[in-house]
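Visitor: coords please:
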Amino acid sequence: MHSTQHNPMPKALSERVAKKMIEHDRVLSLLDIEIEQVDVGYARASMKITTEMLNGFNIAHGGMTFSLADTAFAYACNSRNQLTVAASAKVKFVKMVRVGDKITATANERSINGKKGIYDVRVENQNGELVAIFEGKSHALDEKVDCGL
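Guide: Have a look, this model is predicted:
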């Protein structure tokens, strides 16, 4: 669980930033990704695997799982209204994902040090089984997300 649940003001800001991001995030509609929850240093997103997401072996292309994890990572690391980009990311695939599976990526901030952050993302299927582990490293820029503040 994430640590800022007790303080509603940062969560409200995180939700406002996420709303602004969602307005312009074309990947969400392309992959039918739903941003389920955001908080400071935290985000959860999900999507259902369709036939268009399958590779030549009739399993979900790893890029689909990576894209979902990367999306949750982006919403978590931008949750403080500081424009933040990925510096690097890596993924470990644990279990195959198949058509019809609903996968959920949960991103949690591990650490922040100045402009650099590290985030852990767990991707699980509809049965709660781990399908991938993603680690993202972020870099904050010197600007805010334009969310009307």
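
Visitor: in stretch 47-65, what's buried?
Guide: M47, I49, M53, L54, I59, A60, H61, M64, T65 (16 or more other C-beta atoms under 10 Å). C-betas here are computed from N, CA, C, even on glycine.

Visitor: for the first one, what are its contacts?
Guide: M47 makes contact with L31, D32, I33, E34, M64, L68, K102, I103 under the criterion C-beta atoms under 8 Å, 6 or more residues apart in numbering.

Visitor: What's the local residue count around H24?
Guide: By the other C-beta atoms under 10 Å criterion, the neighbourhood of H24 contains 8 residues.

Visitor: one step back: pick out whichever of the contacts of M47 sits closest to M21.
Guide: Distance ranking of the contacts of M47 against M21, using C-beta to C-beta, places I33 first at 11.7 Å.

Visitor: Can you name the residues that contact that closest one?
Guide: I33 makes contact with V27, A45, S46, M47, S67, L68, T71 under the criterion C-beta under 8 Å, 6+ apart.

Visitor: same thing but at 6 Å, please
Guide: Contacts for I33 (C-beta atoms under 6 Å, 6 or more residues apart in numbering) come out as A45, M47, T71.

Visitor: repeat for K48
Guide: Applying C-beta under 6 Å, 6+ apart, one finds that K48 lies in contact with K102.

Visitor: And it, what's its pLDDT?
Guide: Note on K48: pLDDT of 98.

Visitor: Then T106?
Guide: Note for T106: predicted pLDDT of 98.

Visitor: That one falls within a strand, correct?
Guide: Yes. Judged by DSSP: H, G, I helix; E, B strand; the rest coil, T106 forms part of a strand.

Visitor: That one: how many residues sit nearby?
Guide: Summarising burial for T106: neighbours were counted as other C-beta under 10 Å, giving 20.

Visitor: Now for it: which residues touch it?
Guide: Contact criterion C-beta under 6 Å, 6+ apart gives R44, R122 as the residues in contact with T106.

Visitor: What's opposite it in the beta bridge?
Guide: In this entry, T106 is beta-bridged to R44, R122, by DSSP bridges.

Visitor: any idea how far N78 is from it?
Guide: In this structure, T106 lies at 16 Å from N78, with C-beta to C-beta, to the nearest Å as the measure.

Visitor: Check D101 too.
Guide: Between D101 and N78 the distance, using C-beta to C-beta, works out to 27 Å.
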